[in-house]
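Q: here are the coordinates; sequence isn't available:
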Ligand code: COA
């Protein structure tokens with residue numbers, strides 16, 4: 001199992017907690033972090049002592065999305081996102097056979113939102129802010145979210161999130177069925193842990209079968225493959241390069 005200093009893994013009472021632990025960068029996820037999470041999930045999938053996984057972020061914010069320097073490196077050809085750990089991470093997340101529980105406070109952006117669509121129980125802070133600004137970065141929605149978000153909230157709301165860059169409060173995310181509950185921020189971690197522990201006491205094979213029945217694995221796999229190809233194409237566009245440069249230079253993307 002690969003480890004990374006920015007991914008903290010702990011196991012207690014049948015629950016593996018995976019903490020994005022890079023608060024200074026708002027828990028933006030690097031390639032090494034994706035690799036460490038993928039390996040932790042693969043381990044949890046096969047270890048019978050682990051019955052549920054809890055995903056959370058260190059500090060005030062859940063996750064500011066993919067580390068943008070990784071996108072920039074891919075765009076200028078110094079890294080190849082197609083052979084990065086993003087693929088193994090998404091495969092491990094989207095096929096995970098046990099309960100996945102998320103605790104979300106503060107900002108959740110990009111993959112910080114789209115990973116929630118693969119979770120089974122999601123607890124958010126009332127004042128959390130969820131955003132999927134893929135189009136403003138010249139990109140397309142990833143992680144099968146172009147399939148899963150419209151299925152959850154309808155096409156027009158999904159389009160507004162993706163294309164207008166509308167943000168959802170935690171309260172609104174719960175109303176729309178993206179989260180189970182919106183809570184005061186200081187109660188989110190405890191609520192998510194309690195849910196994970198409750199799930200951990202239930203019959204594992206029945207949970208795995210239920211997840212299999214509830215999710216259209218073939219459709220999700222096809223969507224992941226399609227959006228990966230579209231994402232890689234978009235990374236090579238001038239619009240994407242300009243947006244990454246703008247983030248690096250901390251100025252608004254060109255109109
Ligand atoms: N990739 C790389 N670094 C990131 C990052 C990301 N996705 N998000 C935040 N960071 C870094 C910032 O560069 C900054 O680093 P620095 O201290 O070395 O300058 C640090 O995290 C703190 O971010 P900052 O922007 O100063 O904090 P803020 O509170 O003003 O804003 C965000 C927080 C999350 C709203 C803002 O950082 C942001 O918009 N990030 C990009 C989100 C994004 O577009 N993600 C990709 C989606 S596909």
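A: The structure has been received and is ready for your questions. If you're wondering where the values come from, they're calculated on a predicted model, not measured in any experiment.
Q: Please name the nearest non-neighbouring residue to the closest residue to the ligand within the stretch 51-200 of the chain.
A: Nearest to the ligand, among the residues of the stretch 51-200 of the chain, is residue 110, at 2.6 Å (C-beta to the nearest ligand atom). Glycine gets a C-beta too; all of them are placed from N, C-alpha and C. Closest residue to residue 110 apart from its sequence neighbours, by C-beta to C-beta, 6 or more residues apart in numbering: residue 65 at 2.8 Å.
Q: and the stretch 51-200 of the chain, which residues reach the ligand?
A: The stretch 51-200 of the chain comes close to the ligand at residues 64, 65, 66, 67, 68, 69, 107, 109, 110, 133, 134, 137, as judged by C-beta under 6 Å from any ligand atom.
Q: what's the closest of the residues you listed to residue 184?
A: Nearest to residue 184 out of those is residue 107 (C-beta to C-beta; 17.0 Å).
Q: thinking again about what came up before, verify the stated contact: the residue of the stretch 51-200 of the chain closest to the ligand with residue 68.
A: No: counting by C-beta atoms under 8 Å, residue 110 does not reach residue 68; the two are 9.2 Å apart.
Q: And those two? Which one has more around it.
A: Neighbours around residue 110 and residue 68, counted as other C-beta atoms under 10 Å, are more numerous at residue 110. The numbers are 25 against 18.
Q: Now for that one: which residues touch it?
A: By C-beta atoms under 8 Å, 6 or more residues apart in numbering, the contact list for residue 110 reads 63, 64, 65, 66, 131, 132, 133, 134, 142.
Q: The residues you listed into TSV, with extra columns for secondary structure?
A: Formatted as TSV, the contacts of residue 110 follow (DSSP: H, G, I helix; E, B strand; the rest coil):
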residue	secondary structure
63	strand
64	coil
65	coil
66	strand
131	strand
132	coil
133	coil
134	coil
142	coil
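Q: Switch those over to TSV; also include pLDDT, distance to residue 34 and neighbour count.
A: Putting those into TSV (pLDDT from 0 to 100; distance: C-beta to C-beta, whole Å; neighbours: other C-beta atoms under 10 Å) gives the following:
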residue	pLDDT	distance to residue 34	neighbour count
63	98	12	27
64	98	14	23
65	98	12	25
66	97	9	26
131	98	20	19
132	98	18	27
133	95	20	20
134	96	17	25
142	97	12	24
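Q: Count the neighbours of residue 95 for me.
A: For residue 95, using other C-beta under 10 Å, the count is 18.
Q: Quick check, it in contact with residue 217.
A: Yes: if you go by C-beta under 8 Å, residue 95 and residue 217 touch, sitting 7.0 Å apart.
Q: rewinding a little: quick check on the residue of the stretch 51-200 of the chain closest to the ligand: phi, psi?
A: For residue 110, the backbone dihedrals (degrees, to the nearest 10) come out as phi 60, psi -120.
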